[in-house]
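# Have a look; sequence and predicted model below, questions after that.
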Amino acid sequence: MNILNDFLSYSGFANVTWGHVVMIVIGGVLMYLGIAKSYEPLLLVPIGFGVLVGNIPFLAEAGMQLGIYEDGSVMNYLYFGVLKGIYPPLIFLGIGAMTDFSALLSNPKMVLLGAAAQIGIFLTFLGASWLGFSPMEAGAIGIIGGADGPTAIFLSSKLAPHLMGVIAISAYSYMALVPIIQPPVMKLLTNKKERVIRMRPVRKVPKIEKILFPIIGFLLTAFIAPTALPLLGMLFFGNLLKESGVTERLADTARNGLINTVTIVLGLTVGASTQATTFLNWQSVGIFCLGAVSFVIATAGGILFAKFLNIFLKEGNKINPLCGAAGVSAVPDSARVVQHVGLEYDKTNYLLMHAMGPNVAGVIGSAVGAGILLAVLQ
């Protein structure tokens with residue numbers, strides 16, 4: 001009986017709390033969105049299952065080194081790459097190797113829409129500071145508006161590691177919910193005439209431009225924000241591997257095997273970091289709400305700036321304001337949403353390639369924004 005009692009005392013049933021149950025339900029919801037709704041399944045499925053892993057109750061006093069926050073545990077070793085900001089640059093390497101910057105190079109002024117969308121980061125930073133968060137915490141929360149999960153993890157690992165779980169979950173959740181969140185904002189801020197604006201066809205970008213862009217782009221952005229060097233360096237290096245034409249094997253590894261492996265480990269460990277004892281509190285709820293506000297502001301910033309630019313552009317050269325919504329760096333989901341909304345009002349007006357310009361610019365913009373916050377706050 002003593003052996004049986006000892007066994008039961010170590011079981012999850014003896015140590016479960018209502019918080020564990022709530023978090024397990026949240027993990028189930030994330031997996032449901034990824035599997036049944038196909039909302040960013042490559043992210044939400046690992047994160048959702050990670051939430052389950054992190055919320056299996058056990059007797060911490062037993063010292064069996066099981067939890068992600070226990071020194072010496074396997075999960076703790078895997079989580080090291082998150083805490084030290086190792087995984088995000090590796091993911092940026094894969095993103096760079098997958099990304100075609102032709103749409104941006106074809107119409108360089110679209111980079112302004114990607115920059116304008118980053119207003120969500122800085123306004124949310126001010127709002128979080130006003131609500132009582134420390135400057136470093138506010139900076140980590142603000143980056144959620146960039147809709148870039150790896151960047152959010154990288155910045156929070158430097159500024160507010162204790163908020164890593166909720167910031168990562170918020171960033172990836174809003175990236176997954178782009179098709180739900182963005183369309184109402186897009187329709188609210190534009191009229192029917194603006195939604196059917198036809199843009200000039202994108203020009204064919206010469207190979208030499210594609211090769212020079214990652215080199216020049218890296219030098220320019222890294223000089224502006226040296227603190228974002230790990231992200232920007234890996235992003236542009238990955239793109240150079242793709243565009244150079246002589247390193248296809250390396251580019252293929254970066255955009256397939258490497259990024260897939262890192263995404264699995266990153267998603268699982270980020271999910272596991274949301275233990276009920278550290279995650280379920282009013283602060284987490286506030287951060288999640290601020291993340292939603294940040295994302296909406298970022299979407300609105302891109303749209304409104306596109307409308308502002310149209311004041312100075314001649315007829316026939318105007319920008320469809322819907323493309324401004326793609327300025328957030330949720331690649332390529334935001335661009336697809338622009339395409340979908342545009343087709344609702346004109347079945348022959350294809351905006352996807354135009355929207356990819358600000359979309360990829362948003363990836364660069366969010367990394368630069370993170371670098372600026374890191375330089376000022378750390």
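Everything's here; your move.
# What is the least confident helix or strand in the protein?
When the helices and strands of the chain are scored by mean pLDDT, DSSP states H and E, helix 2-10 comes last with a mean of 73.
# List the neighbours of the very next helix or strand once past that helix that are in contact with it.
Note on helix 2-10: by DSSP states H and E, the next helix or strand toward the C-terminus is helix 12-15. Identification of contacts with helix 12-15 by CB atoms under 8 Å, 6 or more residues apart in numbering yields 8, 56-59. Where C-beta positions appear, they are placed from N, C-alpha and C, glycine not excepted.
# Would you mind listing the buried residues in the least confident helix or strand of the chain?
Across helix 2-10, burial judged by 16 or more other CB atoms under 10 Å covers no residue at all.
# again, but for stretch 335-353
By neighbour count on 16+ other CB under 10 Å, the buried set for stretch 335-353 is 335-339, 341-342, 349, 351-353.
# now residue 306, nearest residue through space, not along the chain?
Distances taken as CB to CB, 6 or more residues apart in numbering place residue 324 nearest to residue 306, at 3.6 Å, with adjacent residues excluded.
# Beyond the top helix by length along the chain, next helix or strand please.
Across the chain, the longest stretch assigned as helix under DSSP state H is helix 282-310. Sequence-wise, the next helix or strand downstream of helix 282-310 (DSSP H and E) is helix 333-345.
# neighbouring contacts of that next one?
Applying CB under 8 Å, 6+ apart, the contact partners of helix 333-345 are 40, 147, 175, 178-179, 182-183, 186-187, 192, 195-196, 320, 322-323, 325-328, 349-352, 354-356, 359, 362.
# Tell me how far it lies from the chain's centre.
The chain centre lies 19 Å from the centre of helix 333-345; the measure is CA atoms, centre = their mean, to the nearest Å.
# Give me the angle between that helix and helix 282-310.
Interaxial angle, helix 333-345 versus helix 282-310 (axes from the mean of the first three to the mean of the last three CA atoms, to 10 degrees): 60 degrees.
# Dump the C-alpha coordinates for helix 333-345 into PDB.
Provided in PDB are the C-alpha atoms of helix 333-345 (Å, rounded to 0.1, in the frame of the first residue of the first chain):
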ATOM      1  CA  ASP A 333      -0.700  35.100 -45.200                       C
ATOM      2  CA  SER A 334      -1.300  38.800 -45.200                       C
ATOM      3  CA  ALA A 335      -0.600  39.000 -48.900                       C
ATOM      4  CA  ARG A 336      -3.100  36.200 -49.500                       C
ATOM      5  CA  VAL A 337      -5.700  38.100 -47.400                       C
ATOM      6  CA  VAL A 338      -5.200  41.200 -49.600                       C
ATOM      7  CA  GLN A 339      -5.700  39.000 -52.700                       C
ATOM      8  CA  HIS A 340      -8.900  37.500 -51.300                       C
ATOM      9  CA  VAL A 341     -10.500  40.800 -50.200                       C
ATOM     10  CA  GLY A 342      -9.600  42.400 -53.500                       C
ATOM     11  CA  LEU A 343     -11.200  39.600 -55.500                       C
ATOM     12  CA  GLU A 344     -14.400  40.100 -53.500                       C
ATOM     13  CA  TYR A 345     -14.900  43.500 -55.300                       C
END
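# elements contacting whichever helix or strand comes after it?
Downstream of helix 333-345, the first helix or strand assigned by DSSP H and E is helix 352-377. Contacts defined by 3 or more CB pairs under 8 Å, 6 or more residues apart in numbering; DSSP states H and E place helix 352-377 against helix 102-106, helix 111-116, helix 119-130, helix 135-142, helix 149-159, helix 207-224, helix 229-243, helix 333-345.
# got a list of contacts for the first one?
Residues from elsewhere that reach helix 102-106, judged by CB under 8 Å, 6+ apart: 110-111, 202-205, 209-210, 213, 353-358, 360-361.
# next one: the fifth one
When contacts are defined by CB under 8 Å, 6+ apart, helix 149-159 is touched by residues 43, 82-85, 87-89, 91-92, 95, 136-137, 139-140, 143-144, 146, 163-164, 167-168, 170-172, 175, 230-231, 266, 270, 329, 366-367, 370, 373-374, 377-378.
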